[in-house]
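**Student:** give me coordinates for this.
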Amino acid sequence: MSSILNKIKSPILSLLLVTAIGVANFDVIESFRLRFFDLIITEVPREIEPSQIVSIDIGDDTIARLGQFPFPRNEYAQIIETLYLNGAGLVVFNIAMTEPDRFGQDEFLATAIEGMPVVLPYLVGNSNYTPDPIGVSMIGDVDPNDVVPRFSGIIPNVEPIQSAAFGKGISVTMPELDGVVRRLPMVISVNGELYPSIVLETLRVAAGDPSFQIKTNIGGVEAVRIPSFSTIETDPLSRVWIDWQQSVESIDFEDVKDGVLNGRIAIVGMTAGGITNPVASALGEVFPHHVQSMALSTAISGTNISRPDWMYAAEIGGMILFSLLCLIVSRYWTHGYVFPIVLGAISGLGVVHIFLREQLLIDVVFPLIGLSVVVGHNYVVKFLTELKLKLQIKKQFGTYLSPALVEKLQKNPELLRLGGETRDLSILFTDVRGFTAISEHYGENVQGLTQIMNRYMTAMTEPILKNEGTLDKYIGDAQMAFWNAPLDQIDHAIRSVITAQEMLERLDRFNDEITAEGIPAFGMGIGINTGSVVVGNMGSDQRFDYTCLGDSVNLAARLEGQSKNYGVRLILGENTAEEVRHFVSLMELDCIAVKGKTKGVKVYTIGRTTEAHHKLLKLYYAGEWKEALELIDWCIKETDHHEEYYRIMEKKLRSGCPDNWDGVNRLTSK
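**Tutor:** Numbers count the residues shown, from 1 in each chain. A predicted model of the protein is given here:
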């Protein structure tokens, strides 16, 4: 786990920053959250029962019929009577009458509403008036006055209308920080007394209850209730979320006719132009009595849209958990970016499902934004890290690996295991023969010598890169290459031998080109050995190289040096020969112990082994050099390619077998 955390520590810094921003809950974050809730509440399709509320709009047509607004109070009485005559169950007259009627009709209206139940609004403002509160039952240890919205005074309706009303509730809209009304308070505190909102008061009057109940917990208000009605869950400030999908019908007062109200609660308000200012809502601009209608319909329908206190902490916790999970998945799955996309889609669908089932509002916007920031940071870091690694790989290996291998390493850096490690390699060394003649040809023309050497090295390097070898270094006029590092190559020995054959073919073509130009031909010796070495970055802190070290490397170099002593252009070590025996025909040359070693190894070149050659080596190893000497001419007769080797062996055999001969030719020089 510590390794994983170390790899994702940079994106974790983003996670910590996003978490801090979430905890700070800046206004812009809350605004996005609220708008997301608007989308859920207004757009998620739900089954909505027909509302028991109807909005009655007093518009321009009514003003045109009755004359200048405000109307005489007797006209208000006529409006209320008309509503009841046409089937209203209860009339909520959401028009404040805080000043005496200029026509002196206040008594008329008061008398009228004494026989017709009417709920009137209170306004809040700078006033010394504090009406007698209705009965309220409080449950819980927290005083609601300390948490619900508080105002300094109430502006009442004029007497005697105030006294005649069946119910009085405070009419107030409380926009959110972005100016949009989404929630309405059910209870308001004025001078230490609790008063119901016009919505709660309407429910109380409709139910015929004398009081309301309020329940608190340590966080604030938990719920309000009319004894004869179901519990209404609220937020800590006693606010309820308005369900804007409620099927509240709006009817112009001029269109009210017999039976159209059908026992519904009628909330009356002004919609005529220039009289009442609309308020912003999740549905756009609506009139205040439409807000009250929607809120009342929400309460009556039993819709309890809620957002518990613990939900905010749960969202932040979920964001942290999902972010860490995505970071971990991205480390083990190449297409880990798919996971946060799927997770986001599932979260969005889950939030909608929970809202439909439990009416809980869960914010998925900020957690997904936070998740996107963290995952985005992770993949930016990952991209930059991979880009840096690819550039490093190209810089480090571009000069001595084939472009195809470099591209393969860049696409799959995990194939690269840098640092010293022990593994089997096939190592190839080359060296130019006849360099003295070439150098003399150019004399003091150093530029010409440099150019021809560059042409030679280019020709010899191409087969190495073509066969996906690693060009270790140029050593003067010599080359060193190896296979099976940095990438695994099961057939590394075969690749090295194929490369050697192609190099010799290229050398022949190269010599044809340069001799035609009057330049002396190049000779070349090649030594190949397969064995266990240490390979990796080696050097100093200031400069290092990717190379290999070990006895097998030294032996490969010694084999190249012995090629001229055996009259062949290519010598293979014993291990290499064993690996390629099934691929090419091999001719055993000798069993040698290079300088500094006592154990002998058999060396080979590419060629057909004849019966005479087999007998020659058998006699040679057995110390029967005179008998072996007699086979030289037979061996030369049977082969067209290795006469120089046999003449060298002939000279050696004529010198006589040493007394301490054990079948191993111990070399005294490199």
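
**Student:** where does the stretch 401-550 of the chain have low pLDDT?
**Tutor:** Applying pLDDT under 70 to the stretch 401-550 of the chain flags the ranges 401-419, 539-544.

**Student:** hmm, 90 instead?
**Tutor:** 401-421, 434-437, 443-444, 465, 470-477, 485-488, 535-547 (pLDDT under 90).

**Student:** and the strands in it?
**Tutor:** For the stretch 401-550 of the chain, the strands defined by DSSP state E, counting those that start in this stretch cover 421-433, 470-475, 478-483, 523-539, 544-549.

**Student:** what number of residues lie near residue 664?
**Tutor:** Using other C-beta atoms under 10 Å, residue 664 is surrounded by 17 other residues. Where C-beta positions appear, they are placed from N, C-alpha and C, glycine not excepted.

**Student:** roughly how far does it sit from residue 575?
**Tutor:** Here residue 664 is placed at a distance of 17 Å from residue 575 (C-beta to C-beta, to the nearest Å).

**Student:** can you redo the strands of the stretch 401-550 of the chain as a markdown table with distance to residue 622 and mean neighbour count?
**Tutor:** Listed next are these as a markdown table, based on distance: least, C-beta to C-beta, whole Å; neighbours: other C-beta atoms under 10 Å:
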| stretch | distance to residue 622 | mean neighbour count |
| --- | --- | --- |
| strand 421-433 | 32 | 22 |
| strand 470-475 | 39 | 18 |
| strand 478-483 | 36 | 24 |
| strand 523-539 | 26 | 21 |
| strand 544-549 | 37 | 16 |
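
**Student:** nearest to residue 177, of those?
**Tutor:** Closest approach to residue 177 among the strands of the stretch 401-550 of the chain is made by strand 523-539 (58.8 Å; C-beta to C-beta).

**Student:** for residue 615, which non-adjacent residue is closest in space?
**Tutor:** residue 631 (5.8 Å; C-beta to C-beta, 6 or more residues apart in numbering).

**Student:** is it true that the one you found touches residue 619?
**Tutor:** Yes - at 7.2 Å, residue 631 counts as touching residue 619 under the criterion of C-beta atoms under 8 Å.

**Student:** more neighbours: which of the two?
**Tutor:** Between residue 631 and residue 619, counted using other C-beta under 10 Å, the more crowded position is residue 631 (25 against 17).

**Student:** now the phi/psi pair for that one, please.
**Tutor:** Residue 631 adopts backbone torsions of phi -90, psi 0, taken as degrees, to the nearest 10.

**Student:** for it, give me its contacts.
**Tutor:** With contact taken as C-beta atoms under 8 Å, 6 or more residues apart in numbering, residue 631 is in contact with 612, 615-616, 619.

**Student:** mind redoing it with 7 Å?
**Tutor:** Applying C-beta atoms under 7 Å, 6 or more residues apart in numbering to residue 631 gives the contacts 612, 615-616.

**Student:** out of those residues, who's the most crowded?
**Tutor:** Counting neighbours by other C-beta under 10 Å, residue 616 leads the contacts of residue 631 with 22 neighbours.

**Student:** any idea how far residue 638 is from that one?
**Tutor:** Taking C-beta to C-beta, one finds residue 616 at 10 Å from residue 638.

**Student:** over to residue 57?
**Tutor:** Counting by C-beta to C-beta - residue 57 and residue 638 are separated by 119 Å.

**Student:** helix/strand/coil for the residue nearest to residue 138 when sequence neighbours are not counted?
**Tutor:** Once flanking residues are discounted, residue 138 sits nearest to residue 214: 5.4 Å by C-beta to C-beta, 6+ apart. Of the three states, residue 214 takes strand according to DSSP: H, G, I helix; E, B strand; the rest coil.

**Student:** bridged to residue 214, which residues?
**Tutor:** Under DSSP bridges, the beta-bridge partners of residue 214 are residue 138, residue 224.

**Student:** now do the same contact list for it.
**Tutor:** For residue 214, the contacting residues are 136, 138, 144, 187, 194, 221, 224, by C-beta under 7 Å, 6+ apart.

**Student:** so who does the closest residue to residue 666 other than its chain neighbours touch?
**Tutor:** Ranked by C-beta to C-beta, 6+ apart and with sequence neighbours excluded, the top spatial neighbour of residue 666 is residue 593, at 4.6 Å. By C-beta under 7 Å, 6+ apart, residue 593 lies in contact with 599-600, 664, 666-667.
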